[in-house]
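S.K.: need a 3D model of the sequence below.
(3 chains)
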Amino acid sequence: MHAPTRLLASQFGSPHGVTAQDSYVRLLWHLAFYFALPLGLIVLGGIAWCLVRYRAKPGSERRASQFQYHIPIEAAYTIIPLIIVAVIFGFMFNAENHVDRVSRAPAVKITVEGFQWGWRFVYPNGHQEIGTVANALNINSMKNLPVLYMPAGETVQFTLKSDDVVHTFYVRDWLWQRDLIPGVHNVADIDVKNPGIYDGQCNNICGQYHAYMRFLVDVMPVKQYKAWYAHQAANSITTAGVTVSS
Amino acid sequence: MKVEWRTVLGASVFLGATALLYWALVYAHGHPTEAAGITALVFSFAAYFMLFGYLVLQYIKRRRIPRPEDRFDATQADGAGEVGWFPAASIWPAGMGLGMVIGAVGAVWGVWYLIVGGIIFVGAVIGFVAEVEAEPE
Amino acid sequence: MTVIQEPPGREYRPAEPQLFEIVPGPRPHGLVKYLTSTDHKQIGINYMVTAFIGFLFAGLLAEGIRTQLIVPNNNFVTENVFNQLFTMHGTIMLFVFLGPFGFAGLGNYFVPLMIGAPDMAFPRFNALSYWIYLGGFILMSAGFLTNNGAANFGWFGYAPLTSAIHSPGPGADLWIVGIALTGFSGIFTAVNIISTIFTLRAPGMVMFRMPIFVWNQMVTMFLILLAFPVLTAAMALLWIDRHLNGRFYDQTHGGQPILWQNLFWFFGHPEVYILALPYFGVVTEVLATNSKKPVFGYKGMIGATLSIGALSMGVWAHHMYTTGAVLLPFFAALSLLIAVPTGIKFFNWIGTMWRGTITLNTAMLYSIGFLTMFLFGGITGVMLAQPVLDFQLHNTYFVVGHFHYVMFGGSTFAGFAAIYHWFPKITGRKLHEGWGKLSFAIMYIGFNLTFFPMHPLGLRGMPRRIETYNAHMGWNFLNLLSSVGAYVLAMGVLITVWNIFRSYRKGEIAGDNPWDGQTLEWACSSPPPDHNFESLPPIRSERPVWDANHPDQLTEVGHR
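M.R.: Coordinates of the predicted model:
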């Protein structure tokens, strides 16, 4: 790959997202770097140039120039950043409209509920997946975590709820998060393209066991998800790490 | 005074305009809880408008005659005369502070601290007023 | 606005004898002086010393945080203690150190000196504001001595985690009361400094001849007047919720937890600029002095400060993008716009150095450190201002890295520049340059080692405020780097502490104007006498001392 292509393909340190919204996030991320790199280099270069070129040398008779204003230059570095900001805002506005769009007919609706300290995922037929830190108070173990099962390639609509304190539903590979705030009705759509198991975690300080408030997302191909869902009895409860006998 | 009141007026106008724009946008497609921010912005606008009003009244009262510190060509002689009274060392601010802090502890551990703090505060204020009274005009 | 450029007199003209009344009698010393002084300089020193103690204390808490996170699954402190550490680290750094050091410490000491005033407008009021600030500091730290420990819900204490049910105990109450007291202190200081600037300037010191530092202080004070009352109100509502069964933030009885977020950030974002603007002023003065040049684009600089101040009032909800309950485009647009005046400042700083004769003393090095680090923090700030990117990065270590680049690499480095620049004025002795440069070098390396790894950590999804982490998340090495960096950084800071102790007794005698300064504080002796000035040079531009000392190098007229 030659250099420009490589630059375009670079993620500038950010992981690849796995959702349909990823292209918008990536576009903004790239845009920020395309503006920031040259601007940052100009500023750093200017500082370095001043320090090297205009440093007072012992014995030199050179005097500092006493100019104070230069209207054309000042106007230029006011107007050019304004244009850059306007461009960034335009792209951002467009991206935001796509990322935040809420579908009227999502394929699956799941209610995500956070509590101190654990997660409850409620499916349309009343089936619940629950996990609490009481069953997973070992940071090095990935067992006994609550699991959110969902299909890949379909729009999944989350209703985000909390009844105690503020939590945040955050999955790092989705490059996305949303708060669960008591008293705020939050709905968001996510379309995960790649099946797989993803790490999730509460991302807002919610008390003592905040760090342990983790979960897993099991994104399955649609057929597999439908089979799993058909297998879940209405209003049944699966608690991670605890075997419930009926 | 001109620069002063114009700066404050500018801030006030900006805050008012921001409040209006924000209110209009929230009204169009916002969230009900954003009323908090609109209220805060309106009060900020009002606070600065009040300050602007005070400054502009002072300005008119002085018949718009610039003070020495408003004149580009003023010399030290223009500022001659007494600038003001600057007090010597005083223990009373520390006393008032102590009273306020002990009183504030009352918000944590009960009303007794508030009473003790209040007594210290009032005592310090009395001392403070007596000190001010003793000063020359 | 026309600036009259007449040639200044070659000598300082003696001031009129009755400029102010000096109270006769013996001057107090020692503890009595500390307790009773109403002199703005003494109060400024009190503020700076107290704030610096707060800085060291909160820094110690930060070392605790980094020690806990140095390896995964660590057990250096318990979850509860860890939560107290980061809460009080944030609270003390913001409410005790960074703000008061800049706007109250440096503001008290140098605003009257720079505008040629004998003291602050309300000297006793000024003393009172210091005492309640000190009380606030003591009360909020006293939480550590109570049974349940200090506050443990993060420095922005989101409701309803702060409620009496979720956070019982006096620690949270002490936090509320402490912040409210420092808030009142800030309001008092703001009233005082605005009055001083508006009414006590020396003749000829028109508004458009005030140093940029004073302008920045003034805008800071205007922001305080708007922001702190809202904070105090929010704290009062919280206290009522906790003690009198209020329902303001209680969703189960019709309250709104998100009201807290709106109120808190309505204070919280201006607060960021309250913490930054005084330090922008410091850097401007240090760069101009050590380049032997006037501030480039003086009026543009003032305009930029005013627009930053104004815009900062309308961006609070960019801390709330992920709540799903704010109007995203409005706040994104205003947040992005702030980048423009900040950019103007950067180019003006470069313009100030351009074709100067630059002396690289320690203060200048710290200012260069400020420029480079704040640039980085500003760029990541533009990324975070965009809601879509914020959905990824919000509350991760990327944000932690971002605001430490702004608050530490930016403001605190500028605070150190201020210490090195003005220590001679305050004590009459210079700080040791060699120790200073060593301290800067170690701090610069340690700082980047601590906070740069936080950006990739955030991109890899490490949430802030977690007490421990799984070893298989890919966070281990970066956390180790960051913790090692924190120890290096602490060493750098301690070298400056040692330098201050050493130079206070044995430092080189500075003289009145050691750096060939430009603004009025260099016209009085070091340390300045009571009521500051025996005589004032004529004020014919924004750098009267320079004009008096270098009548052949006046600011060029033209290019305007």
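
S.K.: care to break the chain down by domain?
M.R.: All of this is about chain A. For chain A, automatic domain parsing gives the domain ranges A:3-54+A:67-99, A:108-239.

S.K.: sorry, should have said chain B
M.R.: As recorded under automatic domain parsing, the domains making up chain B are B:2-71, B:92-134.

S.K.: just checking, A:Cys50 touches C:Trp349?
M.R.: No: with contact defined as CB atoms under 8 Å, A:Cys50 does not reach C:Trp349; the gap is 9.4 Å. For the C-beta atoms, the positions are set from N, CA and C on the backbone; glycine is no exception.

S.K.: can you lay out the domains of chain B as TSV showing distance to chain C, mean neighbour count and mean pLDDT?
M.R.: Output for those, formatted as TSV (distance: least, CB to the nearest CB, whole Å; neighbours: other CB atoms under 10 Å in any protein chain shown; pLDDT from 0 to 100):
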stretch	distance to chain C	mean neighbour count	mean pLDDT
domain B:2-71	4	17	91
domain B:92-134	3	17	93
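
S.K.: and the ones you listed as a markdown table, adding distance to chain A?
M.R.: Putting those into a markdown table (distance: least, CB to the nearest CB, whole Å) gives the following:
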| stretch | distance to chain A |
| --- | --- |
| domain B:2-71 | 7 |
| domain B:92-134 | 21 |
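
S.K.: average pLDDT for stretch C:272-279?
M.R.: Confidence for stretch C:272-279, expressed as mean pLDDT, is 95.

S.K.: may I see the buried residues of it?
M.R.: C:272-279 (16 or more other CB atoms under 10 Å in any protein chain shown).

S.K.: check contacts around A:Pro146.
M.R.: A:118-121, A:129-132, A:215-216, A:240 (CB atoms under 8 Å, 6 or more residues apart in numbering or on different chains).

S.K.: and it, how close does it get to C:Val315?
M.R.: Distance, A:Pro146 to C:Val315, by CB to CB, to the nearest Å: 36 Å.

S.K.: what do you get for A:Ile197?
M.R.: A:Ile197 is 38 Å from C:Val315, by CB to CB.

S.K.: with C:Ala142 instead?
M.R.: Here C:Ala142 is placed at a distance of 34 Å from C:Val315 (CB to CB).

S.K.: more neighbours: which of those two?
M.R.: C:Val315 (24 against 17; other CB atoms under 10 Å in any protein chain shown).

S.K.: tell me the pLDDT at B:Pro136?
M.R.: B:Pro136 carries a pLDDT value of 68.

S.K.: just C:Gly255 next, same as before
M.R.: pLDDT at C:Gly255 comes out at 88.

S.K.: can you check the one 10 residues further on too?
M.R.: pLDDT for C:Trp265: 95.

S.K.: now do the residue in chain C that chain B sits nearest to against chain A, distance only.
M.R.: Among all residues of chain C, C:Trp131 sits closest to chain B, at 2.5 Å; criterion: CB to the nearest CB. Using CB to the nearest CB, to the nearest Å, we find C:Trp131 at a distance of 33 Å from chain A.

S.K.: circling back: of A:Cys50 and C:Trp349, who's got more company?
M.R.: C:Trp349 (29 against 22).

S.K.: elements contacting the helix or strand hosting C:Ala490?
M.R.: Under the criterion of DSSP states H and E, C:Ala490 resides in helix C:476-506. On a contact count with 3 or more CB pairs under 8 Å, 6 or more residues apart in numbering or on different chains; DSSP states H and E, helix C:476-506 meets helix C:40-68, helix C:413-427, helix C:433-451, helix C:454-459.

S.K.: ok now the second one, how far from the chain's centre?
M.R.: Averaged C-alpha coordinates place helix C:413-427 at 14 Å from its chain's average position (CA atoms, centre = their mean, to the nearest Å).

S.K.: tell me if that helix is near chain A.
M.R.: No: figure legend: helix C:413-427 not in contact with chain A (CB under 8 Å from any CB of the partner chain); closest approach 13.9 Å.

S.K.: helices or strands up against that helix?
M.R.: Checking 3+ CB pairs under 8 Å, 6+ apart, helix C:413-427 ends up next to helix C:107-114, helix C:257-291, helix C:362-384, helix C:433-451, helix C:476-506.

S.K.: ok and it relative to helix C:40-68, angle-wise?
M.R.: Helix C:413-427 and helix C:40-68 are oriented at 140 degrees to each other (axes from the mean of the first three to the mean of the last three CA atoms, to 10 degrees).

S.K.: report the angle between helix C:413-427 and helix C:433-451.
M.R.: Using the same axes, to 10 degrees: helix C:413-427 against helix C:433-451 is 150 degrees.

S.K.: equivalent analysis for the longest one, please.
M.R.: Calculated by the same axes, to 10 degrees, helix C:40-68 forms an angle of 40 degrees with helix C:433-451.

S.K.: who touches the next helix-or-strand element following helix C:40-68?
M.R.: Using DSSP H and E, the helix or strand that follows helix C:40-68 towards the C-terminus is helix C:79-91. If you take CB under 8 Å, 6+ apart as the criterion, helix C:79-91 is touched by A:205, A:207-211, C:58, C:61-62, C:64-65, C:68, C:77, C:140-141, C:143-144, C:149-157, C:171, C:175, C:178-179, C:465, C:467.

S.K.: need the residues of the stretch 301-450 of chain C near chain B, please.
M.R.: Contact residues, the stretch 301-450 of chain C versus chain B (CB under 8 Å from any CB): C:306, C:309-310, C:313-314, C:316-317, C:325-327, C:329-330.

S.K.: still on that earlier bit, does chain B sit close to whichever helix or strand comes after the helix holding C:Ala490?
M.R.: Next along the chain after helix C:476-506, taking DSSP H and E as the criterion, comes strand C:535-536. Yes: counting by CB under 8 Å from any CB, chain B is contacted by strand C:535-536 at C:535-536.

S.K.: which strands and helices sit next to strand C:535-536?
M.R.: Strand C:535-536 sits against strand C:13-14, with contacts defined as 3+ CB pairs under 8 Å, 6+ apart.

S.K.: no more questions from me, cheers.
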